[in-house]
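Student: following is a predicted model, sequence given first.
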Amino acid sequence: MPHHARVTKNVLRTARKTTRRQDYSSSTKRALLDSATTLFTDHGYAGTSLDEVVAAARVTKGALYHHFPSKLALFESVFFRVQEATTNDVEKAINASKDPWERAQIGLEKFLEVCREPQFRRICMQEGPVALGHERWAEAERASSFGIVQRTVDDLLADLGGGGELNEAFGAVFYGAIRSASEFVADAEDPEAASEAVQGTIGTILAGLRLLPSID
C-alpha cells in the first residue's frame, strides 16, 4: 500500500475513533442531565445525591466528574438548561403574533403556564435561590427574561406613539411585576388559581395602559 494511502487510512480511523468518543461523551452528559433534572424536580437539591444521579443515568461516578466537578456544577447546568428551554418556549409563543398587545398577553400566558409546571417551579423558582444563592439566581433570572420583557414593553410604548426615556423605567417596573408574579404562582398551594388571578391583574394593567392617548 502506498505511503499516502496508509496515512489517509490512519487519519480516517483516528477521526472515526474521535467521533465515537465525542458521541459517547455527549450522550453520557445528556443522560446525566436528564436523570439529574428528574431527581432535582422530585427531591430538590439537598434531597438528591450524586450516587442516585449516576445510578439513574447508568454511568460511573468517574464519568460524572469528567463533566461536572461537583453537585453544584451539575445543578447549575440543569438550572440553565431548564431556563433556556423556557425562554425559547416563551419567545416562540410571542413570535406567533405581530400585534404588540397580543404578544404581551401571549407571553404572559405562556410564562404563567411554565410557572405551573413542576420542573420549572421546583428547579428554577424554588431550588435555584437556595442552591445558587439569591444574588446569583436573580442575575441569572434577569439575564434570561429581562430582554423579552423589555422588548415587549418597547413595542407597547411604540404603539402608543411614545416611550423614549420612559422605556427603561417601564421595563424595570413590568419585569419586577412579572418576576413577583412568577414567585407568587410557584409558591401557591393552588398554582392554577394564582395564575388566573395574576393574569387578570396584569391584563387589567395592560388594558388601562392601552387606553392612554399617548406616552411622550
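Tutor: Right, received. Where do you want to start? Residues are numbered from 1 along each chain as shown.
Student: where in the protein is pLDDT low?
Tutor: 1-24, 163, 214-216 (pLDDT under 70).
Student: how is the chain divided into domains?
Tutor: 1-69, 77-216 (automatic domain parsing).
Student: and stretch 137-157, how far out from the chain middle?
Tutor: 13 Å (Cα atoms, centre = their mean, to the nearest Å).
Student: tell me which residues in it are buried?
Tutor: Residues of stretch 137-157 classed as buried: 137, 140-141, 144-146, 148-157 (neighbour count, 16 or more other Cβ atoms under 10 Å). For every residue, glycine as well, the C-beta is placed using N, CA and C.
Student: and for it, what are the contacting residues?
Tutor: Here stretch 137-157 makes contact (Cβ atoms under 8 Å, 6 or more residues apart in numbering) with 79-80, 83-84, 86-87, 90-91, 94, 100-101, 103-104, 107, 111, 124, 128-129, 132, 163, 166-168, 170-171, 174-175, 178-179, 206, 209-210, 215.
Student: equivalent analysis for stretch 192-210, please.
Tutor: 101, 104-105, 108-109, 112-113, 115-116, 156, 160, 177-178, 181, 184-185, 188.
Student: repeat that for stretch 103-120.
Tutor: With Cβ under 8 Å, 6+ apart, stretch 103-120 has contacts from 37, 41, 82, 86, 89-90, 93-94, 96-97, 121, 125, 145, 148, 152, 155-156, 178, 181-182, 185-186, 191-192, 195, 198-199, 202-203, 206.
Student: for it, output the C-alpha coordinates as CSV.
Tutor: Provided in CSV are the C-alpha atoms of stretch 103-120 (Å, rounded to 0.1, in the frame of the first residue of the first chain):
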residue,chain,number,x,y,z
ARG,A,103,-47.8,39.4,22.0
ALA,A,104,-47.7,40.8,25.6
GLN,A,105,-50.8,38.7,26.5
ILE,A,106,-49.5,35.6,24.9
GLY,A,107,-46.1,36.0,26.6
LEU,A,108,-47.7,36.4,30.0
GLU,A,109,-50.0,33.4,29.5
LYS,A,110,-47.1,31.2,28.3
PHE,A,111,-44.8,32.2,31.2
LEU,A,112,-47.5,31.6,33.8
GLU,A,113,-48.2,28.3,32.2
VAL,A,114,-44.5,27.4,32.6
CYS,A,115,-44.6,28.6,36.2
ARG,A,116,-47.2,25.9,36.9
GLU,A,117,-45.0,23.1,35.6
PRO,A,118,-43.4,21.1,38.3
GLN,A,119,-39.9,21.1,36.7
PHE,A,120,-39.6,24.8,36.3
